[in-house]
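**Student:** Predicted model and sequence below, questions to follow.
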Amino acid sequence: MSHSSPVAPLSDFDFTLRRLRFNEHYTPSQTTRLTTNFANLARGDTRQQNLRNALRMIDNRFNALAHWDNPNADRYAIELDIISVEIDLPDRATNDRFPLLEILNTTILDRHTSSSIAGMTGNNLSSFVRDYDFSVVLPAHNRDRPDFSLPPNFGDLHGHLFLSFVRSPTYKAQFHKPPVICLSVANSKTYRRTNTYHPILGVEYEQNDESLTDIYFRKMGLTVRFFMPPGSVAPLAFYFFGDLLSDYTSLELISTISTMESFQKIYRPEIYNANAAAGAVYQPSLQHPDYSLTQVVYDREERSRLAVEQGRFAEAHFITPYRTLLEQWSAHYA
């Protein structure tokens, strides 16, 4: 950090990346949020079978969508790397770093040509600071209020940190395109089918009202559109920079759809593994009774409980010790 000013210049937050292959031998690192989708699968007695089944689902879905020149639906496989991003903190003497976020990077293996093709970066987003915002700051702000509201500057710091990372030389040296984050639709909103159709992304839906996630991700510089790909039963939320429909190749889009739809079938089967597809007007519900379970075990209750613990971790090890610096840096970044 700069020694001449209490406000950190934009370039002075450095980031360190670590890659860990997500395969049937994956074990979460000590700094991984345990509520992160892929980490949740990799624990317990069924961990290896869980991972094997999830990876098979992803490959099968990819080949179903990339059906051209692929008569046996076995041409492609996906390699997933967990990208752990640490932010370098001011105390150089202790080489202090905080685990800022994790994303997934896809690589497409083409068995016909024996080549590797860069897939989508982003996909899943895991963040301790987001846990702090949603599980610590937001409940405290609304505890004694009759009407729900957002705290002042809610999500600003997280958004600026994310943008700083995506714009950093560290990101650009590793990834050739901006990230796309693919999430579930909000079960508190209603979605209406439009006339827009894309050959890979499928039919577009529009949301009746902005969700809290949309507002939060907009602070990260991301726009959202909702598409239900061919063969899917519910739309997915795609958060992106630029132009989702023209900035990415068909295979890149398929890498995100196959990866994140497979995870959503595991985590939210009531929505993404329902036995009937969304209609023209769609209201997602986790109480929907007509769905199928995957062959993957997932602990949804644990995920909710741990989010508070992980938010407290961010508060204790990042927000509180560096509060003044972070507030000054974020205001300067804005």
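**Tutor:** Nice, thanks for sending it over.
**Student:** how about the strand or helix carrying S246: buried residues?
**Tutor:** In the assignment (DSSP states H and E), S246 maps to helix 244-247. Buried residues in helix 244-247, counted by 16 or more other CB atoms under 10 Å: L244, L245. Where C-beta positions appear, they are placed from N, C-alpha and C, glycine not excepted.
**Student:** and what of stretch 113-121?
**Tutor:** By 16+ other CB under 10 Å, the buried positions in stretch 113-121 come out as A118, G119, M120, T121.
**Student:** Was I right to think the second one contacts D110?
**Tutor:** No. With contacts defined as CB atoms under 8 Å, G119 does not count as touching D110, sitting 11.2 Å away.
**Student:** Helices along the stretch 151-300 of the chain, start to end?
**Tutor:** Along the stretch 151-300 of the chain, counting by DSSP state H, counting those that start in this stretch, helices occupy 156-166, 169-174, 212-218, 244-247, 250-267, 269-272, 300-314.
**Student:** CA atoms of the helix holding S246 as CSV?
**Tutor:** Coordinates of each C-alpha in helix 244-247 appear next as CSV, following Å, rounded to 0.1, in the frame of the first residue of the first chain:
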residue,chain,number,x,y,z
LEU,A,244,-23.9,-11.7,-23.5
LEU,A,245,-25.3,-12.7,-26.9
SER,A,246,-22.4,-11.5,-29.1
ASP,A,247,-19.3,-11.5,-26.8
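**Student:** and D69, how many neighbours?
**Tutor:** For D69, the neighbour count with other CB atoms under 10 Å is 8.
**Student:** related to what we said a few turns ago, name the surrounding residues that touch the helix holding S246.
**Tutor:** K177, P178, V180, H198, L201, T223, R225, F238, F240 (CB atoms under 8 Å, 6 or more residues apart in numbering).
**Student:** OK, contacts around the second one?
**Tutor:** Neighbouring residues of P178 by CB under 8 Å, 6+ apart: T121, G122, V166, F240, F241, G242, D247.
**Student:** Using CSV, lay out the residues you listed together with pLDDT and distance to P139.
**Tutor:** Formatted as CSV, the contacts of P178 follow (pLDDT from 0 to 100; distance: CB to CB, whole Å):
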residue, pLDDT, distance to P139
T121, 97, 32
G122, 96, 28
V166, 96, 29
F240, 98, 29
F241, 97, 30
G242, 96, 34
D247, 97, 37
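**Student:** Buried only: go through those for me.
**Tutor:** T121, G122, V166, F240, F241.
**Student:** so the closest residue to F175 other than its chain neighbours, which of the three states?
**Tutor:** Leaving aside its chain neighbours, F175 sits nearest to T121 (4.5 Å; criterion: CB to CB, 6 or more residues apart in numbering). With DSSP: H, G, I helix; E, B strand; the rest coil as the basis, T121 sits in strand.
**Student:** Next: N70.
**Tutor:** Taking three-state DSSP as the rule, one finds N70 in the coil state.
**Student:** neighbour-wise, which of the contacts of helix 244-247 leads?
**Tutor:** Greatest neighbour count in the contacts of helix 244-247, by other CB under 10 Å, goes to L201: 26 neighbours.
**Student:** Next up, the contacts around that residue.
**Tutor:** Contact analysis of L201 by CB under 8 Å, 6+ apart lists F227, P229, F238, L244, L245, L253, I257.
**Student:** Y197 is in contact with V203, correct?
**Tutor:** Yes. Contact criterion CB under 8 Å: V203 and Y197 qualify, at 5.3 Å.
**Student:** Looking at those two, which is more packed in?
**Tutor:** Taking neighbours as other CB under 10 Å, V203 and Y197 compare with V203 leading, 19 against 13.
**Student:** Who are the contact partners of that one?
**Tutor:** Contacts of V203 (CB under 8 Å, 6+ apart): R193, T194, T196, Y197, F227, M228, P235.
**Student:** wait, what's in contact with the first one?
**Tutor:** Spelled out, it's R193. By CB under 8 Å, 6+ apart, the residues touching R193 are V203, E204, Y205, A278, G279, A280, V281, Y282.
**Student:** No further questions, thank you.
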